[in-house]
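Engineer: Here is the input, now give the coordinates:
(one chain, ligands or ions: 1)
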Amino acid sequence: MDDHFRNSKIKDRIVIKLSGSIFGQDTSESVIREYADMLSSINSEIQPVVISGGGKIARHYIGLARALGSDEANLDIMGIDVSRLNARLLLTALQDKAYPKIPKDLEEVVLAAESGKIVITGGLHPGQSTNATSALIAEIVRASKFLNATDVDGIYDSDPNITSNAKLLKRITVQQCMRLLENDSSMAGTYDLMDIVALKVIERSKIPTRILKADTANIRNAIEHDNEVGTEITVIR
Ligand code: UTP
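Structural biologist: The predicted model follows:
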């Protein structure tokens, strides 16, 4: 760790990707407030760096624009715009507890993290998902953990929508995860639980990663009590 980081890093940083599924037209004010309260309270021990996903609204807009003839890069930009709008909603609830600007690239994320405040951001670069962006952010802010809070409980050994006895995996290696994703799509709006860019970054920087259901109690348990909720992605050290 270089001096720059040693001097400025007071608390452990934990990167939390918040699934876009918690935002959208059905979301109530109380849900956003609950997330803001949880982030404020864990901030006494750690510094959360949060990336909000685009959710249904992003996918709706991407679908409309694709039908109107948009190219994929512009669809990605649209997804990023919606994820930033979601980030802004959470930022509004956090008020002065969070860094006041939504960072637009990795360097801005680093500057925001240097403030010591809670950082809220959305997507950064076209061509990837907020999962990949979150892994890159975890790498550049030297996070001690990356929590991917999503709309499922974790990774199963088979599709739980098809197989009734599908088992939730407690851990999976990053290489096994890559094999599961071999046939994944890279079209705007269709990036899955984890994508190959995210996994490559997790692998190269050995970032302790967990996929868990987006729920404030779950996230708090994973941070404060190191509970084994969801699925841990392990990397050989
Ligand atoms: P996501 O698909 O990552 O959001 O971003 P989400 O809804 O949170 O995903 P899940 O459901 O939790 O997994 C929405 C879209 O925005 C674009 C992509 O097209 C992506 O599908 N995007 C997002 C980017 O191009 N770059 C980014 O850094 C982030």
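Engineer: Contacts only, for whatever residue of the chain ends up closest to the ligand.
Structural biologist: In the chain, no residue comes nearer to the ligand than Gly53, which is 1.5 Å away by C-beta to the nearest ligand atom. C-beta here means a position set from N, CA and C on the backbone, and glycine is covered the same way. Gly53 is in contact with 17-21, 23, 83, 86, 130, counting by C-beta atoms under 8 Å, 6 or more residues apart in numbering.
Engineer: Give me the nearest residue to Gly123, chain neighbours excluded.
Structural biologist: Spatial nearest neighbour of Gly123, excluding adjacent residues (C-beta to C-beta, 6 or more residues apart in numbering): Ile80 at 3.7 Å.
Engineer: Quick check: the residue of the chain closest to the ligand vs Ser83, distance?
Structural biologist: Using C-beta to C-beta, to the nearest Å, we find Gly53 at a distance of 6 Å from Ser83.
Engineer: what does Ser144 give?
Structural biologist: From Ser144 to Ser83 the distance is 24 Å (C-beta to C-beta).
Engineer: biggest helix in this structure by residues?
Structural biologist: Scanning the chain for the helix with the most residues, using DSSP state H, yields helix 72-94.
Engineer: What are the contacting residues of that one?
Structural biologist: Under the criterion C-beta under 8 Å, 6+ apart, residues 18, 20, 23, 32-33, 35-36, 39-40, 50-55, 57-58, 61-62, 65-66, 70, 98, 100, 102, 118, 120-128, 130, 187-189 lie in contact with helix 72-94.
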